[in-house]
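**Q** Build me a model from this:
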Amino acid sequence: MAVKGEPMKAKLTARPFSDPGWVFERKLDGVRATVRRTPQGATLTSRTGRRMQNYPELIEALEAESARDFVADGEVVAFEGARTSFEKLQGRLGIAEPRLARLTGIEVFIYVFDLLELEGRDLTGLPLRERKALLKASLEFHGPVRYTPHRNEQGEKLFLEACRKGWEGLIAKRADSTYQHARSNDWLKLKCSFEQELVIGGFTPPKGSRERFGALLVGYHEGGELRYAGKVGTGFDHRTLVDLGDKMEALRRPTAPFTAGSGLPRDATWIRPELVGQFGFSEWTRDGKLRHPRYLGLRDDKRAGEVVRELPSAAAPGKVEG
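**A** Alright, predicted model coming up:
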């Protein structure tokens, strides 16, 4: 198959909008996956190029599709009630054995929203609306394989509805846009709550009955430096404390990886900045720290060197600044 490269990604924007030249989709809180279906079978690949073996039921459902030669873009999710939950999906991450993945009891789905190749034809140069029409016509969407619905207008109304329902937000996409293997102004994300990917650079010692570590020390890349963004001490269950503690112990280093930012604790244990976590928070402080942060889970589909602070743009569609 000819289509290669990283998936197309959205830029954060601060202002909901309505525009007939855009389509609006629900923002899903899961793990991005590229689907490759050939006559020999189906594969799922993460956005870092890693083969995803921990969703065997999704592979089986994709292999049940009558279309036998296509590349599609989608998101693997687990639900907590009516909401997609990255935290719940954590129970499936890092499991290499398909049989063990099934034993977790965590039901997963893949929501497919774009078609990049069909029967050897590269579709990335077609307008989004055409790609979506081909996607809907080409797949039957068996069982856990779902089509991602979209609306063609009333983006502001849909955003309010999304936030009332407890969704993560919306993705707005320019209807005539081609598919680009990069982050693009043609796709915008509107978030109902604040989340941020951050690099873990160390941890503090546990206190009281807490095991393994107290708080994570996190940061983001800025101007060639790893900037310290504060401590995260909530969001951990016992299993997370043990598993994450083991991972961090294997990455110990003698000095702090952070080269910018203030307030580093003196009693910290430092680690190589290789682990990427997902964190919820209430706001950024003036000095670039997280307020009321909470750990949501590890991301194994994001390279640490790519992690930067996401700053929303207030520009209108088509004028979003990089």
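**Q** contacting residues around residue 201?
**A** Contact analysis of residue 201 by C-beta atoms under 8 Å, 6 or more residues apart in numbering lists 217-219, 226, 228, 256-258, 270-271, 273. For glycine as for every other residue, the C-beta is placed from the backbone atoms N, C-alpha and C.
**Q** so what's it closest to, chain neighbours aside?
**A** Nearest non-adjacent residue to residue 201, counting by C-beta to C-beta, 6 or more residues apart in numbering: residue 257, 4.4 Å away.
**Q** Just confirm the one you found contacts residue 202, I think it does.
**A** Yes: at 7.4 Å, residue 257 counts as touching residue 202 under the criterion of C-beta atoms under 8 Å.
**Q** Show me which of those two is the more surrounded one.
**A** residue 202 (28 against 20; other C-beta atoms under 10 Å).
**Q** what comes up buried for the strand ranked longest in the chain?
**A** Taking DSSP state E as the criterion, the chain has its longest strand at strand 269-281. For strand 269-281, a neighbour-count test (16 or more other C-beta atoms under 10 Å) marks 269-271, 273-281 as buried.
**Q** what's the answer for stretch 228-243, then?
**A** For stretch 228-243, by 16+ other C-beta under 10 Å, it's 228-233, 235-236, 240-241, 243.
**Q** can you pull out the helices in the stretch 1-150 of the chain?
**A** Using DSSP state H, counting those that start in this stretch, the helices of the stretch 1-150 of the chain run over residues 56-63, 86-89, 98-103, 128-138.
**Q** Contacts for the longest one next, please.
**A** Contact partners of helix 128-138, identified using C-beta under 8 Å, 6+ apart, comprise 23, 67, 70, 72, 112-116, 118, 123, 126, 147, 150, 173-179.
**Q** how does it look with 6 Å?
**A** Residues from elsewhere that reach helix 128-138 (C-beta atoms under 6 Å, 6 or more residues apart in numbering): 67, 114-115, 123, 147, 173, 175, 177.
**Q** hmm, which of those are the buried ones?
**A** For the contacts of helix 128-138, buried by 16+ other C-beta under 10 Å: 67, 114-115, 123, 173, 175, 177.
**Q** So for the residue nearest to residue 201, what's the pLDDT?
**A** What the model reports as pLDDT for residue 257 is 98.
**Q** Could you double-check that it lies in contact with residue 275?
**A** No: counting by C-beta atoms under 6 Å, residue 257 does not reach residue 275; the two are 11.1 Å apart.
**Q** Which neighbours do these two have in common?
**A** With C-beta under 6 Å, 6+ apart, residue 257 and residue 275 have no common neighbours.
**Q** contacting residues around residue 41?
**A** Contacts of residue 41 (C-beta under 6 Å, 6+ apart): residue 63.
**Q** Identify the bridge partners of it.
**A** residue 38 (DSSP bridges).
**Q** What distance do you get for it to residue 20?
**A** For residue 41, the distance to residue 20 (C-beta to C-beta, to the nearest Å) stands at 41 Å.
**Q** Residue 225 now?
**A** Counting by C-beta to C-beta - residue 225 and residue 20 are separated by 43 Å.
**Q** Settle it for me: which of these two has more neighbours?
**A** residue 225 (13 against 10).
**Q** my read: that one touches residue 258, true?
**A** No: the criterion here is C-beta under 6 Å, and residue 225 misses it with residue 258 at 8.0 Å.
**Q** so what's in contact with the two at the same time?
**A** With C-beta under 6 Å, 6+ apart, residue 225 and residue 258 have no common neighbours.
**Q** Which members of the buried residues of stretch 228-243 occur in strands, if any?
**A** 228-232.
**Q** Which member of those is positioned nearest residue 54?
**A** Using C-beta to C-beta, residue 232 comes nearest to residue 54 of those, at 25.4 Å.
**Q** which residues does the closest one contact?
**A** 215-216, 218, 279, 293, 295.
**Q** now, which of the residues you listed sits nearest residue 56?
**A** So of those, ranked by how close each gets to residue 56 (C-beta to C-beta), first place is residue 295, at 27.9 Å.
**Q** So that closest one: helix, strand or coil?
**A** The three-state label given to residue 295 by DSSP: H, G, I helix; E, B strand; the rest coil is strand.
**Q** So the nearest residue to it once chain neighbours are set aside versus residue 245, what's the distance?
**A** In this structure, residue 295 finds its nearest non-sequential neighbour in residue 235, 3.3 Å apart by C-beta to C-beta, 6+ apart. To residue 245, residue 235 is 14 Å away according to C-beta to C-beta.
**Q** again, but for residue 170
**A** Applying C-beta to C-beta to residue 170 and residue 245 gives a distance of 36 Å.
**Q** Between these two, point out the one with more neighbours.
**A** More crowded of residue 170 and residue 245, by other C-beta under 10 Å: residue 170, with 26 against 16.
**Q** what about the more buried one, which SS state?
**A** strand.
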